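Student: Okay, predicted coordinates and the sequence, questions at the end:
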Amino acid sequence: MLDKFIIAANWKMNGTPAEARSFAAELDEFIREVQPQSEIVVCPPYILLNEMHGSFKKGGQNCHHETSGAFTGEISAKMLKNAACEYVILGHSERREMGESSELIAKKAQAAKAAGVKVIFCIGEKEGEDFESVISEQLNFAVDVDVIAYEPVWAIGTGKTPSLEEINSRHKFIKDKCGLQVMYGGSANPDNAKDISALQNVGGLLVGGASLSISSFTSIIEAK
Ligand code: PGA
C-alpha cells in the first residue's frame, strides 16, 4: 500500500523531445511552487524518459518479463529502473487488446518487483461486460503489484465516465478484494478531477489525453 494519492500521466505514444523537456521544466516549477500532497508520476514513451527531469517520479508504460536477451523491440524492468523509473504501468487495456494475457501481465509484474519498480496494474471491463466478474478475474493476477488502476475500457479516451457513485462503489469493491490503493482512469480531466479525486475510495488518477498539456495536467493536480 502506498500512502499518497497518486496522479500519473500516461502519455501513450505521444510527445517529442522538445515537448518532453518543456513539460518537465514546467511541471518541476509547478511542483516546487505548489508543493502538492500527491505523488506525481510521468510515464512518457521510453525514448523520452531521459529528456524529463524534475521533482516528479517517472514510470514506464510497459516492460518485458525477462531481464535481458534476444527480445527485439522490448525493454526490461531493470532498464526502466536504470532510466530512473520508480513505476511501470502494466496490463493497460490497450496492451491487453493487442493480445497480452493476464498470465503474461502477472509475469511482467513479478519481473518489475524483482527489479525494484512499483507496478500500476490496470484492470477494467469493456462496455456491456459484467463489472464484478471481469474485475474479480483480473484481480486474481494482481500479485506483486503496488497499486491498481481501475479503467473502464469504454471510458478511455471517450470523454465518458461512470457516475461518481459508481466510481466510488467500484473502487470500494476492488479495494475490499485486494487491499490495495485504487486509482481511477478513463477521461479524467480538469473538469471532473475535483469530484472524482474527492471520492473516499479513490486513491489516485491515471490520466491519458488530459496529461499531454501541462496546463490541463497541473489543473488536475491542483483540483485534488
Ligand atoms: P484517457 O486515458 O485519460 O485519455 O481516457 C487514460 C488511460 O488510458 O490511462
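Tutor: Now that the structure is in, tell me what you want to look at.
Student: Tell me the residue of this structure that sits nearest the ligand?
Tutor: Across the chain, no residue is closer to the ligand than Gly208, which sits at 2.2 Å (CB to the nearest ligand atom). Any C-beta I mention is one placed from the backbone N, CA and C, and that applies to glycine too.
Student: Would you confirm that that residue contacts Tyr184?
Tutor: No: Gly208 lies out of contact with Tyr184 (CB atoms under 8 Å); the separation is 12.0 Å.
Student: Could you check which of the two has the larger neighbour count?
Tutor: Legend: neighbour count by other CB atoms under 10 Å for Gly208 and Tyr184, higher for Tyr184 (29 against 23).
Student: I figured the more buried one hits Pro152, correct?
Tutor: No: if you go by CB under 8 Å, Tyr184 and Pro152 don't touch, sitting 9.2 Å apart.
Student: In the chain, which helix is the longest?
Tutor: Secondary structure of the chain per DSSP state H: the longest helix is helix 17-34.
Student: Give the rounded mean pLDDT of that one.
Tutor: For helix 17-34, the mean per-residue pLDDT is 98.
Student: Of all the residues in that helix, which ones are buried?
Tutor: Across helix 17-34, burial judged by 16 or more other CB atoms under 10 Å covers 19-20, 23-24, 27-28, 30-31.
Student: go on, stretch 89-108?
Tutor: Buried positions in stretch 89-108, judged by neighbour count with 16+ other CB under 10 Å: 89-96, 100, 102, 104-108.
Student: how about that stretch as PDB, C-alpha atoms only?
Tutor: Extracted C-alpha coordinates of stretch 89-108, given in PDB (Å, rounded to 0.1, in the frame of the first residue of the first chain):
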ATOM      1  CA  ILE A  89       2.100   0.700 -15.900                       C
ATOM      2  CA  LEU A  90       1.200  -2.900 -16.700                       C
ATOM      3  CA  GLY A  91      -1.900  -4.500 -18.100                       C
ATOM      4  CA  HIS A  92      -3.200  -1.400 -19.800                       C
ATOM      5  CA  SER A  93      -6.300  -2.300 -21.800                       C
ATOM      6  CA  GLU A  94      -4.600  -1.000 -25.000                       C
ATOM      7  CA  ARG A  95      -2.000  -3.700 -24.500                       C
ATOM      8  CA  ARG A  96      -4.500  -6.400 -23.400                       C
ATOM      9  CA  GLU A  97      -6.300  -5.500 -26.600                       C
ATOM     10  CA  MET A  98      -3.100  -6.400 -28.600                       C
ATOM     11  CA  GLY A  99      -3.100  -9.800 -27.100                       C
ATOM     12  CA  GLU A 100      -1.400  -9.600 -23.600                       C
ATOM     13  CA  SER A 101      -2.800 -12.300 -21.400                       C
ATOM     14  CA  SER A 102      -3.400 -12.000 -17.700                       C
ATOM     15  CA  GLU A 103      -0.700 -14.700 -17.200                       C
ATOM     16  CA  LEU A 104       1.900 -12.600 -19.100                       C
ATOM     17  CA  ILE A 105       1.000  -9.400 -17.300                       C
ATOM     18  CA  ALA A 106       1.500 -11.300 -13.900                       C
ATOM     19  CA  LYS A 107       4.900 -12.400 -15.100                       C
ATOM     20  CA  LYS A 108       5.800  -8.800 -16.000                       C
END
